[in-house]
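Trainee: Predicted model, plus sequence, below.
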Amino acid sequence: MVKLKSNDDKEFEVEEAAVIQSEMIKNMIEDGCATSVIPLPNIDSKTLIKVIEYLNKHINMGKAAETGEEDDLKEFDEQFVNMGWEELFDVIMAANYLNIHELMELCCQSAADRLKNKSVRAVREMLKITNDLTEEEEQEIINDAPWAFEGPEIDDTVN
Amino acid sequence: MSCGELAAMNCYFCQSFNMMPPNRRKQLLSPPDILSNLPDSLINDILTRLPLRDAVRTSILSRKWRYNWNGIQHLVLNLPRDKQHDLLHANQYKLPSSLFTCSQLKHLFLQQCLIRPPPLFKGFDKLVILELIEVTISSELLGSLIYHSPLLDHLVLDANKVSHHIEISAPKLRSFFFSGNINFLHLKNVPLLSKVCYEPIDLFVKAEHDLVKIFESIPALKNLCWDQCLQMSVFSDELCNEPVPRDAIDKIPASFSDMTFNQLKTVKIKHVSGAEDEMQLIKVLLAKSPALVKMVIEPQSMEDKKSLKVLEEITNFQWASSKAQLDLHVSSIRS
């Protein structure tokens, strides 16, 4: 077992087989640097719980293909990314820091899927972006590639 | 502090501070949007996964987003299928000028769009792979784009709408795929180019002189693939009915007498129909390539008799290499 400590001082025990999906921790273990608690100063406990949930589920990724559990894993992934934007970005940051490639892929793809076909107004609202461009600048950007800003598939709803 | 704590602190420090560009450190002071804490490399990661239209639309979100593309290393920009139809008569799918500020770009894949960079654009310093498929670009710009991408290693130019000579000067280029009018191609400086795949369309090379020019310009040629699928599908029947003049086949053109393809190891010629120019090319390659290891001939789908005649003809050609193996793909012959 490997002990991880979040930045709000909560400790979590994780099986080594699960935690080595993190390249960073795997390297620490290999270098003999993981004998005591590993502090993760930029991951809070809420995010760390999500990451551990993912690691535990994906522990036997290789075996899933043989035992026909792929669909189960796919369903888990779909459910897993069903979270708010802020939470999603926290997990992306944590996955990037811990260097968990598959989790990065999953979350970045989810972020991209959510932005697909969304109107400019909708994206600004979803990501809480303050528009600091002048009207002239906006027009200039639109004139540069007008085809990107029009079309019936552009979706103005926020979710 | 334990060894583990130290290592973790160290990693954290590298990732969140050192890798943070100075402008981002400043941005943290202004009211943050939801993405503010996300390093640029992760924003790029998300942008790269978006279809072209959506990625372009992010440039209007705010001043910061206008230039968010700048750090991107891989760009695959193609339009969704349902949009492609419009493109046939639309020049409005012009790439936004912000794309040309991506100075970190290593891999650029563009399909069906209009490329017109801003006047001051000088190329992509770090570009390694460039693939352009059915794009509209002027010959001068294409030549200049290639010239100003000094690290270019792999180049694909596939059926692009180009109407004049394209000058290719790429000192690091190793692999090149070209589909289009081969007469427009001028390989000026490609000392390392070893792998070439040509799909010539329109007419075949006009004269043997042109054929010499094509090969003279690729001194390091090692693997050649020549696929004449497009022209032959139109002219093949006509060509095959014409008996191939014996004289033309027996003689190696004088312009080739000083040339040898010393590096050439493998050749693959696809859709062989037996046309005179094509047989000439095969003969020259066989006679002038002392290091040849393998030549693969795939005849175009045609009647057995014609096809076998063509193949027989080829086996009678002179060989410069003693260890070369000839693969005749008779399986593609229609029964």
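Mentor: Right, received. Where do you want to start? As the structure is a computational prediction, the values presented were derived from the model and not from experiment.

Trainee: Next up, phi/psi of residue 106, please.
Mentor: Unless you meant another one, I'm taking chain A. phi -60, psi -50 (degrees, to the nearest 10).

Trainee: wrong one, chain B
Mentor: phi -110, psi -30.

Trainee: Check the gap between it and residue B:48 for me.
Mentor: Taking Cβ to Cβ, to the nearest Å as the measure, residue B:106 falls 12 Å from residue B:48. (Each C-beta comes from the backbone N, C-alpha and C, glycine too.)

Trainee: can you check residue B:123 too?
Mentor: 21 Å.

Trainee: Over to residue B:274?
Mentor: Separation of residue B:274 from residue B:48 (Cβ to Cβ): 47 Å.

Trainee: which one of these two has more residues nearby?
Mentor: residue B:274 (23 against 18; other Cβ atoms under 10 Å in any protein chain shown).

Trainee: For residue 156, list the residues it contacts.
Mentor: Went with chain A since none was named. Going by Cβ atoms under 8 Å, 6 or more residues apart in numbering or on different chains, residue A:156 touches A:118-119, A:121-122.

Trainee: Please refer instead to chain B.
Mentor: So residue B:156 contacts B:130-133, B:176-177 (Cβ under 8 Å, 6+ apart).

Trainee: the helices in the stretch 101-250 of chain B, which residues?
Mentor: B:139-147, B:208-216, B:229-241, B:246-250 (DSSP state H, counting those that start in this stretch).

Trainee: ugh, typo on my part, it should be chain A
Mentor: Ranges of helices in chain A, per DSSP state H, are A:16-19, A:23-30, A:45-57, A:61-67, A:70-80, A:85-98, A:101-115, A:120-127, A:135-144.

Trainee: In a markdown table: the ones you listed, plus mean neighbour count, mean pLDDT and distance to chain B.
Mentor: Listed next are those as a markdown table, based on neighbours: other Cβ atoms under 10 Å in any protein chain shown; pLDDT from 0 to 100; distance: least, Cβ to the nearest Cβ, whole Å:
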| stretch | mean neighbour count | mean pLDDT | distance to chain B |
| --- | --- | --- | --- |
| helix A:16-19 | 18 | 91 | 13 |
| helix A:23-30 | 17 | 91 | 5 |
| helix A:45-57 | 19 | 94 | 12 |
| helix A:61-67 | 11 | 62 | 21 |
| helix A:70-80 | 13 | 87 | 16 |
| helix A:85-98 | 21 | 93 | 6 |
| helix A:101-115 | 19 | 94 | 4 |
| helix A:120-127 | 18 | 90 | 5 |
| helix A:135-144 | 14 | 89 | 5 |
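
Trainee: that older thread, go through the helices of the stretch 101-250 of chain B and find the least confident stretch.
Mentor: Ranked by mean pLDDT, the helices of the stretch 101-250 of chain B bottom out at helix B:229-241, with a mean of 44.

Trainee: Averaged pLDDT, stretch B:291-308. What do you get?
Mentor: Computed over stretch B:291-308, the average pLDDT equals 81.

Trainee: For it, measure first residue to last.
Mentor: 27 Å (Cα to Cα, to the nearest Å).

Trainee: If you count neighbours, what's buried in it?
Mentor: Of the residues in stretch B:291-308, those buried by neighbour count under the rule 16 or more other Cβ atoms under 10 Å in any protein chain shown are B:292, B:295, B:297-300, B:302, B:306-307.
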